[in-house]
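**Q** got a sequence here, can you build the structure:
(chains A and B)
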Protein chains: 2
Amino acid sequence: MATATEQPSSRNAVLDVEVPRGLKGVKVAQTSIGNVRGQEGFFHYRQYDATELAKKRTLEDIWHLMHEGELPKTQAESDAYRAQAGQLRLAAWTQVEQLVPGLVAGADKDKLDVLGTLRALIAAVGAREGWKPWLDLSAEEIKEQCSRAVALTAVGVAAIYRVKHGKDMVAPDASLPHATDYLRMVTGEVPSAEKADALEKYLDLTVDHGFNASTFTARVVASTGADVSSAVVAAIGSLSGPLHGGAPSRALAMVDEIGTKENADPFIRAIFERGDRLMGFGHPVYTTMDPRSIMLGEIADGIGGEQVELARHVEQTSLDILEELKPGRGLKTNVEFYAALVMRSSGIPDELFTPTFAVSRVIGWTANIREQVTEDNRIFRPSAQYVGPEAPQDVPTL
Amino acid sequence: MATATEQPSSRNAVLDVEVPRGLKGVKVAQTSIGNVRGQEGFFHYRQYDATELAKKRTLEDIWHLMHEGELPKTQAESDAYRAQAGQLRLAAWTQVEQLVPGLVAGADKDKLDVLGTLRALIAAVGAREGWKPWLDLSAEEIKEQCSRAVALTAVGVAAIYRVKHGKDMVAPDASLPHATDYLRMVTGEVPSAEKADALEKYLDLTVDHGFNASTFTARVVASTGADVSSAVVAAIGSLSGPLHGGAPSRALAMVDEIGTKENADPFIRAIFERGDRLMGFGHPVYTTMDPRSIMLGEIADGIGGEQVELARHVEQTSLDILEELKPGRGLKTNVEFYAALVMRSSGIPDELFTPTFAVSRVIGWTANIREQVTEDNRIFRPSAQYVGPEAPQDVPTL
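**A** Residues are numbered from 1 along each chain as shown, chains lettered A, B, ... in the order given. You can find the predicted model right below:
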């Protein structure tokens, strides 16, 4: 143990900085990775509008942007990076084949959590290969581990899901785009171009989004000098929280329960009459539309079909009733509604909504880890205000 | 995904709080669990001096204090809690037996990391049993998972170590004290009372120590509503960092290299002549002695023997030379030196120094998780200062 290298609080005692709860609005670091300008309804990856990137470039190009610091400049560069991602998935497959069956074997299918098993998988790979603390590695070695964590997430989620449901795992096809191959490894079938494109755009839009709890977690763990797998596994843990990424489809579950267009109005009015909360609608804070919502809504409409039509009808009915009962508030639909709709439309099973979020966000986490682990790193070691009984009290003996 | 429940930055924009790097001295929460008063050389668990607790009470009593909010009041209460800890170890054994061999199988013994494998084990147990987000659990259910995580850490570390080295795993003996049984499961032999006592006091002294990086990590992850295993696994990740708990025995490694008392003076002078840093000595900040150092030093001396004598000789030689070359600074020995000495003297192999730190600290992490996950919980979702190129720039197409 090295508690001596923990920052002693004697030095802290003179600082004693008071901050908003949850560190809200507290600038804990500098970053070049991106930013969310909520009042403008705008967020960006490095210097580029994230929605523009999703329209014009591939997921691998965005991965390249986040980790190489710039977009591929030529088609050849772009193709090479895509091919490299394919090779990374193949390499991940070796570990996945070896570890996933054992992690799932004998578990109760109804209980087994995919995201939790993904944490176990990535922790096990890091442990078995003895991934060293980044303090002992070169920048190139750190980057390589980050790339491997990204590939392992996609291949791992798909394999865990399939083994959980008694299906054969599907090996990666290195020739396919990352998003297409992920969808294929999940469903066992090469998806239509339309579905693959819809999923890819969802992934594009969720690579990074400021210092959310999971990204912050990754940076806190990395700040201790720990290895890449420690930081990624910790971030997945934060993502699983219902207050962050872990409550993916409450609104869509309501749509399922409503079932038909005719049921929408009475169902939603009954919610208000019972005094219950309408899930997924009426976000209290966004003053402008979340740019992810706009784009994901358009993608869902593009796919269309009965399910999307019903969901859109329920959405409009909800907004109409909200406006009727709480007029002038301009309440909006949460982004999770559109995200769930796009994922389901593209063929992702509901239980993989949050794990699929991890498939894209791991690109952002690892970019943040790499930004954290420079010579300028400082361990996150805050302070707390002790509010218990006065100390010391005599220790009673038995 | 529920990115809509991430705090949108539109609200944050008005706050923009600047804080010291690494959140140093920033009070991120209120706590009744304990505090470190560095300038007084004093730290406490709840209202009791931690060193007094280590002298007068058992590890299980401290566990009781941290999780029940008070010390056992009678011997019967104390005995019952000890017995319960034994039952928890037995329950953990079922999972450990099932999962550890598979996590270790086929791995390169020289690479396999014990702490990383422990992360995989705890993640796998949580995933396989479908541990729910604490938001969906009662306080009693959360406490039960915390207790299980504590037991799983002790049983898991010992089993992983033994399987890694080709030895049979040792099942828990529920009748033994937690520290004694941990040592027995590691070494395969019931330890002497002296060794067990030394290790127990080390564990007593390292249960909690303010908002260090791993404790803070546990609280950040828990703040998202994630399940207990997510938070514990994340904390273990932070603990593994060399800037926190992951660089356990640099000073003791130097003692090994020195080998004999006669070598100490020339070896240490040579370090200074080369301009190298003397590891483990001369902590730049503590103005008083770390109370853990004082007590652990006494324990080591109590055990005595050639190894302790050599270490103490090297220590004194180091301090003498430091005083000679940097007079008046009153440089001290780091606590890690004494901690490593006590662990080694009690029979803990060097590679388990940091994992053994986890065996005690998990009691503190879980106490912190339980304090975090109340109705008063607020997700940790800080902000960052974007310092990259002005955005948006046009996205170039290929």
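**Q** count of neighbours near the closest residue to A:Ala107 other than its chain neighbours?
**A** Once flanking residues are discounted, A:Ala107 sits nearest to B:Arg128: 4.0 Å by Cβ to Cβ, 6 or more residues apart in numbering or on different chains. Where C-beta positions appear, they are placed from N, C-alpha and C, glycine not excepted. B:Arg128: 23 surrounding residues under other Cβ atoms under 10 Å in any protein chain shown.
**Q** tell me the contacts of B:Arg128?
**A** A:Leu103, A:Val104, A:Gly106, A:Ala107, A:Asp108, A:Lys111, A:Leu112, A:Asp113, A:Gly116, A:Thr117, B:Gln95 (Cβ atoms under 8 Å, 6 or more residues apart in numbering or on different chains).
**Q** drop anything exposed from the residues you listed.
**A** Using 16 or more other Cβ atoms under 10 Å in any protein chain shown as the burial test, these include A:Leu103, A:Val104, A:Ala107, A:Leu112, A:Asp113, A:Gly116, A:Thr117, B:Gln95 as buried.
**Q** I'd say the last one and B:Ala123 touch.
**A** No - the pair formed by B:Gln95 and B:Ala123 falls short of the contact definition of Cβ atoms under 8 Å, at 11.6 Å.
**Q** for stretch A:390-398, list the C-alpha coordinates in PDB.
**A** Once non-C-alpha atoms are left out, stretch A:390-398 reads as follows in PDB (Å, rounded to 0.1, in the frame of the first residue of the first chain):
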ATOM      1  CA  GLU A 390     -17.300  15.400  18.000                       C
ATOM      2  CA  ALA A 391     -14.100  13.300  17.900                       C
ATOM      3  CA  PRO A 392     -12.400  11.800  19.700                       C
ATOM      4  CA  GLN A 393     -14.700  10.100  22.100                       C
ATOM      5  CA  ASP A 394     -13.200   7.400  24.400                       C
ATOM      6  CA  VAL A 395     -13.300   4.000  22.900                       C
ATOM      7  CA  PRO A 396     -15.400   1.700  25.200                       C
ATOM      8  CA  THR A 397     -13.800  -1.700  25.900                       C
ATOM      9  CA  LEU A 398     -15.900  -4.800  26.200                       C
END
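**Q** mind listing what's buried along that stretch?
**A** Using 16+ other Cβ under 10 Å as the burial criterion, the residues of stretch A:390-398 that qualify are A:Ala391, A:Pro392, A:Val395.
**Q** of those residues, which are in range of chain B?
**A** A:Ala391, A:Pro392, A:Val395 (Cβ under 8 Å from any Cβ of the partner chain).
**Q** which one of those is nearest to B:Thr260?
**A** B:Thr260 lies nearest to A:Val395 out of these, by Cβ to Cβ, at 41.7 Å.
**Q** verify the stated contact: the closest one with B:Glu52.
**A** Yes - using Cβ under 8 Å, A:Val395 is in contact with B:Glu52, at 4.4 Å.
**Q** where in the stretch 101-250 of chain A is pLDDT low?
**A** Counting by pLDDT under 70, the stretch 101-250 of chain A contains low-confidence ranges at A:248.
**Q** would you map the helices across it?
**A** A:114-128, A:139-164, A:178-187, A:193-205, A:213-222, A:228-239, A:250-258 (DSSP state H, counting those that start in this stretch).
**Q** next up, the contacts around A:Pro396.
**A** Counted by Cβ under 8 Å, 6+ apart, A:Pro396 has contacts B:Leu71, B:Lys73.
**Q** that's a helix at it, yeah?
**A** No - read with DSSP: H, G, I helix; E, B strand; the rest coil, A:Pro396 is coil and lies in no helix.
**Q** any idea how far A:Phe211 is from it?
**A** To A:Phe211, A:Pro396 is 45 Å away according to Cβ to Cβ, to the nearest Å.
**Q** so which bits of the longest strand anywhere in chain A are buried?
**A** Identified as the longest strand of chain A according to DSSP state E is strand A:26-31. The neighbour-count check on strand A:26-31 (16+ other Cβ under 10 Å) flags A:Val26, A:Lys27, A:Val28, A:Ala29, A:Thr31 as buried.
**Q** how near is the first one to A:Tyr202?
**A** When you say that, I think you mean A:Val26. 30 Å.
**Q** so A:Asn35, which of the three states?
**A** Secondary structure assignment for A:Asn35 (three-state DSSP): strand.
**Q** just to revisit the earlier point, can you redo the contacts of B:Arg128 as TSV with distance to A:Ala139?
**A** As requested, these are exported to TSV (distance: Cβ to Cβ, whole Å):
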residue	distance to A:Ala139
A:Leu103	32
A:Val104	36
A:Gly106	41
A:Ala107	39
A:Asp108	43
A:Lys111	41
A:Leu112	37
A:Asp113	34
A:Gly116	31
A:Thr117	31
B:Gln95	38
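**Q** closest to A:Val233 out of the residues you listed?
**A** Here the nearest of those to A:Val233, counting by Cβ to Cβ, is A:Gly116; it sits at 10.4 Å.
**Q** I'm done for today, thanks for sticking with me.
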